[in-house]
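Engineer: predicted model, plus sequence, below.
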Amino acid sequence: MARAISFYIMHSPTMPGLPPLIRLEAVSKTFPLPGGGSFNAVCPLSLDVAQGQIFGLIGKSGAGKSTLLRMINLLERPDSGRVMLDGQDLTRLSKRQLRMARQDIGMIFQQFNLLQNATVFDNVAFPLTLHGRFGKVELDARVHECLALVGLTDKTHHYPAQLSGGQKQRVAIARALAPRPKVLLCDEPTSALDAETTRSVLETLLDINRQLGVTIVIVTHELSVVHALCTRVAVLEQGQLVEQFDVDDHAGRRISVLGRELEQERRRAELLKAYDANIEERAASSREAV
Ligand SMILES: Nc1ncnc2c1ncn2[C@@H]1O[C@H](COP(=O)(O)OP(=O)(O)OP(=O)(O)O)[C@@H](O)[C@H]1O
């Protein structure tokens, strides 16, 4: 059942005329099948993500969403094509150069992927210590700054097992933001959370987009998450890019089932809102009449 998630959205402004921050050029990915042969998880496709955008990747299970997302930071290396980040082709970098470039790309996951034996502080500090560029004072300051951003300063010395799911995801967000990335990749970040916690994690992601201008690419199977968060969305079916559109473009014809469902859900939400407003108005006028 679709979860109702709604709140006021004001995104970081995208910069028209600027080259895209992320450009996937004819990327594809094939996996070997156990019995021989291969499976096309992502067929050659191209996609641009503008600076400041919150870009949703949607599609049925197995459509290739996570594989495509993981190609952006080369966790999955494409078999063909180019992955451009801010004008730089990541597929041509050496291991060392790629490690540096990945500091511009944070990532969060459905199951949080925190270090269980490390405190919240150490989890957030982890990507900073990896590169050894920070002195202790600077590192402390950055970790506290990131924890403040996600509202978790009071949990600094807790361990992941002592946190709720929503708090764990916030720690993961703080950790991803610590190296000041340009992009945050989110792989089903709210699928393990209840509706209320989902809403607050989505608000945190929106804040990050608005306050820090971080571009977000999010894989989700929840259409309500797209409505609550995304500015643009791409629909994948069996590894193919079927369509992409701006979420507030209500005039365009949708060619995919999910594209049409997204539009229907928006209309349903608008009708419900109008219905609630009408009930409220009638209740107010009957109170006045008494
Ligand atoms: N490492 C791998 N080895 C073999 N097959 C894989 C591998 N990773 C993904 N696949 C296959 O590629 C296809 C696309 O997987 P992917 O995880 O990208 O889909 P998805 O759209 O994110 O699905 P879901 O919503 O279920 O997570 C699936 O059929 C999956 O089984």
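Structural biologist: Great, that's in hand.

Engineer: ok, now how distant is residue 271 from residue 264?
Structural biologist: 10 Å (C-beta to C-beta, to the nearest Å). Any C-beta I mention is one placed from the backbone N, CA and C, and that applies to glycine too.

Engineer: does residue 216 sit in a helix, a strand or a coil?
Structural biologist: strand (DSSP: H, G, I helix; E, B strand; the rest coil).

Engineer: isn't it right up against residue 182?
Structural biologist: No - contact criterion C-beta atoms under 8 Å: residue 216 and residue 182 do not qualify, at 10.6 Å.

Engineer: who has more neighbours, these two?
Structural biologist: Neighbour tally, residue 216 and residue 182, criterion other C-beta atoms under 10 Å: the higher count belongs to residue 216, 26 against 17.

Engineer: what's the nearest residue to the more buried one if we skip its chain neighbours?
Structural biologist: residue 54 (4.5 Å; C-beta to C-beta, 6 or more residues apart in numbering).

Engineer: pull out the buried positions in stretch 262-278.
Structural biologist: 262, 263, 265, 266, 269 (16 or more other C-beta atoms under 10 Å).

Engineer: does the fourth one sit in a helix or strand, and which one?
Structural biologist: In this case it means residue 266. helix 257-289 (DSSP states H and E).

Engineer: contacting residues for residue 98?
Structural biologist: For residue 98, the contacting residues are 74, 90, by C-beta atoms under 8 Å, 6 or more residues apart in numbering.

Engineer: circling back: are the helix holding residue 266 and the ligand in contact anywhere?
Structural biologist: No - on the criterion C-beta under 6 Å from any ligand atom, helix 257-289 is out of touch with the ligand, staying 11.6 Å away.

Engineer: what helices or strands is that helix leaning on?
Structural biologist: Using 3 or more C-beta pairs under 8 Å, 6 or more residues apart in numbering; DSSP states H and E as the contact criterion, the neighbours of helix 257-289 among helices and strands are strand 54-59, helix 223-229, strand 232-237, strand 240-246.

Engineer: then the second one to CSV, C-alphas only?
Structural biologist: Taking only C-alpha atoms (Å, rounded to 0.1, in the frame of the first residue of the first chain), the coordinates of helix 223-229 have been written out as CSV:
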residue,chain,number,x,y,z
LEU,A,223,6.0,6.8,-5.6
SER,A,224,5.1,8.9,-2.6
VAL,A,225,8.9,9.4,-2.0
VAL,A,226,9.2,10.7,-5.5
HIS,A,227,6.4,13.2,-4.9
ALA,A,228,7.8,14.3,-1.6
LEU,A,229,11.4,14.7,-2.8
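
Engineer: where do the strands sit along the protein?
Structural biologist: 22-32, 38-49, 54-59, 80-85, 88-89, 105-109, 183-187, 215-219, 232-237, 240-246 (DSSP state E).

Engineer: who are the packing partners of the third one?
Structural biologist: Applying 3+ C-beta pairs under 8 Å, 6+ apart, one finds that strand 54-59 contacts helix 65-72, helix 195-212, strand 215-219, helix 223-229, strand 232-237, helix 257-289.

Engineer: ranking helices and strands of this structure by mean pLDDT, which lands last?
Structural biologist: helix 257-289 (a mean of 86; mean pLDDT, DSSP states H and E).

Engineer: I'd like the distance between the most centrally placed residue in the chain and the ligand.
Structural biologist: What sits nearest the mean C-alpha location of the chain, by C-alpha atoms, centre = their mean, is residue 218, with 2.8 Å. Distance of residue 218 to the ligand, given as C-beta to the nearest ligand atom, to the nearest Å: 12 Å.

Engineer: find the nearest non-adjacent residue to that residue, please.
Structural biologist: Here the residue nearest residue 218, using C-beta to C-beta, 6+ apart, is residue 186, at 4.1 Å.

Engineer: the one you found is in contact with residue 202, isn't it?
Structural biologist: No - assessed by C-beta under 8 Å, residue 186 is found out of contact with residue 202, at 10.0 Å.

Engineer: between these two, which one's more packed in?
Structural biologist: Taking other C-beta under 10 Å, residue 186 and residue 202 do not tie; residue 186 has more neighbours (28 against 24).
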